[in-house]
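# could you look at this predicted model? Sequence included:
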Amino acid sequence: MNRNWEERKLKELIGNKDVKEEAVNTVTVPLNNQIHYDRTKKRVRALRNFYRHLTAYVVVIIVLLVLLWVGVQTEQDLFIYIACGTALGWSIGLVIHIFKVFGTSLFMGKNWEERKLIELMEEENKKL
């Protein structure tokens with residue numbers, strides 16, 4: 001399942017090239033295409049790792065919220081501080097991970113409108 005996701009994401013980021021063929025037959029791939037492929041593959045792995053990190057974060061935060069609710073009911077102050085500290089620390093780490101993976105242009109940065117316009121035009125062309 002992960003392998004198929006990686007291949008689909010690579011195809012999406014590179015274009016409609018046959019990713020498996022490029023991975024197996026590196027001799028016939030020009031050097032700049034290989035460099036582009038390697039960079040894109042690193043980006044896909046970074047995205048996959050980010051999604052794993054996000055999933056673990058959501059699960060742990062849900063568990064912490066349940067435990068906090070129990071802790072508040074029993075008035076265990078130390079546990080409440082530890083749980084809140086864990087949630088805060090992990091949230092800061094997740095924000096840092098977001099900026100590492102997506103960069104500072106995550107929130108409609110440079111040329112966002114132009115890129116989005118091109119993306120939507122390509123989607124419309126596929127429908128036609």
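Yep, it's here.

# residues contacting Ala83?
Neighbour list for Ala83: 64, 67-68, 71 [criterion: C-beta atoms under 8 Å, 6 or more residues apart in numbering]. Where C-beta positions appear, they are placed from N, C-alpha and C, glycine not excepted.

# which member of the residues you listed is positioned nearest Glu119?
Leu64 (37.0 Å; C-beta to C-beta).

# excluding its backbone neighbours, what's nearest the closest one?
Ala83 (4.9 Å; C-beta to C-beta, 6 or more residues apart in numbering).

# so is the one you found in a helix, a strand, or just coil?
helix (DSSP: H, G, I helix; E, B strand; the rest coil).

# distance of it from Thr74?
According to C-beta to C-beta, to the nearest Å, Ala83 and Thr74 sit 13 Å apart.

# among the contacts of Ala83, name the buried ones.
Using 16 or more other C-beta atoms under 10 Å as the burial test, the contacts of Ala83 include 64, 68, 71 as buried.

# tabulate those residues (CSV), appending pLDDT and distance to Thr55.
Output for the buried ones among the contacts of Ala83, formatted as CSV (pLDDT from 0 to 100; distance: C-beta to C-beta, whole Å):
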residue, pLDDT, distance to Thr55
Leu64, 88, 15
Leu68, 82, 20
Gly71, 70, 24
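
# quick one: contacts for the residue sitting nearest the centre point of the chain?
The chain has Leu47 as the residue nearest its centroid, 3.2 Å off, counting by C-alpha atoms, centre = their mean. Applying C-beta under 8 Å, 6+ apart, we find Leu47 in contact with 9, 101.

# helix or strand: which one has it?
Taking DSSP states H and E as the definition, one finds Leu47 inside helix 31-74.

# looking at this structure, which helix or strand is least sure?
Sorting the helices and strands of the chain by mean pLDDT, DSSP states H and E puts helix 19-24 at the bottom, at a mean of 50.
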